[in-house]
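Chemist: Let's see this in three dimensions:
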Amino acid sequence: RARYKSKDPYPAPSADVQPLVDELRAADALVFVYPTWWMGVPAILKGFVDRAFLPGVAFTLPSPSGGTGATGLVAGLPNIKKVGIVTTYGASRAVVNAAGDLGHGLIARCLLPLFSPACAVSWHGLFKMDTAPEAVRAKHLEAVRRAYQEEFLPAVPAKGLAAKGAPPGAPAPAA
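Modeler: Predicted coordinates for the structure are as follows:
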């Protein structure tokens, strides 16, 4: 109720979310790695999106005289210039295409417009993961390794806690 009575349309993030917001604002790139379950992302990833990609952080509403992006919102994270997606599916590509890939849609249609207009996307999906032969899985892992070591990451300098090998929000390693 306090939010409804507030004159600020974009209240500050809660104390537990603020470190994530700081990381998002400092990031040049994001990489989403997740298994696709029931054509969507796991609840913990959806929860991260819901808690960290807040109004006033990831986007704002347009002013009456201001322009908008493809979503009708003003992008709040233009610092993000690359997005990587690595996922696995139990189903075949044909089944995923017929059913709809909600995880890909969440990132491509909902989040991507909140980043730099020139944001590049690198997507790697392994279909029929449960039954894929070892050679197919190895080929996929090699393609992901090559894409991220040789193409995606060298152009993006590491920043923040994630660059030190700690998950966002974790304390920095001792020097």
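Chemist: Please report how far residue 39 lies from residue 48.
Modeler: With the distance defined as C-beta to C-beta, to the nearest Å, residue 39 ends up 19 Å from residue 48. (Glycine included, C-beta is placed from N, CA and C.)
Chemist: before we move on, what about residue 30?
Modeler: Taken as C-beta to C-beta, the span from residue 30 to residue 48 is 11 Å.
Chemist: Compare those two (neighbour count), which wins?
Modeler: Counted by other C-beta atoms under 10 Å, residue 30 and residue 48 do not tie: residue 30 has more neighbours, with 20 against 16.
Chemist: Determine the three-state secondary structure at that one.
Modeler: Counting by DSSP: H, G, I helix; E, B strand; the rest coil, the backbone at residue 30 sits in strand.
Chemist: Grab the longest helix from this protein for me.
Modeler: As assigned by DSSP state H, the longest helix anywhere in the chain is helix 134-146.
Chemist: for that one, packing partners?
Modeler: strand 120-126 (3 or more C-beta pairs under 8 Å, 6 or more residues apart in numbering; DSSP states H and E).
Chemist: So which elements touch the strand it packs on?
Modeler: strand 82-88, helix 134-146.
Chemist: Now mean pLDDT, mean neighbour count and distance to residue 56 too, for those, in TSV please.
Modeler: TSV is the format used below for the helices and strands packed on strand 120-126 (pLDDT from 0 to 100; neighbours: other C-beta atoms under 10 Å; distance: least, C-beta to C-beta, whole Å):
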stretch	mean pLDDT	mean neighbour count	distance to residue 56
strand 82-88	93	20	21
helix 134-146	94	12	34
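Chemist: and of these, who's closest to residue 117?
Modeler: strand 82-88 (12.9 Å; C-beta to C-beta).
Chemist: Which element is encountered next along the chain beyond that closest one?
Modeler: helix 93-99 (DSSP states H and E).
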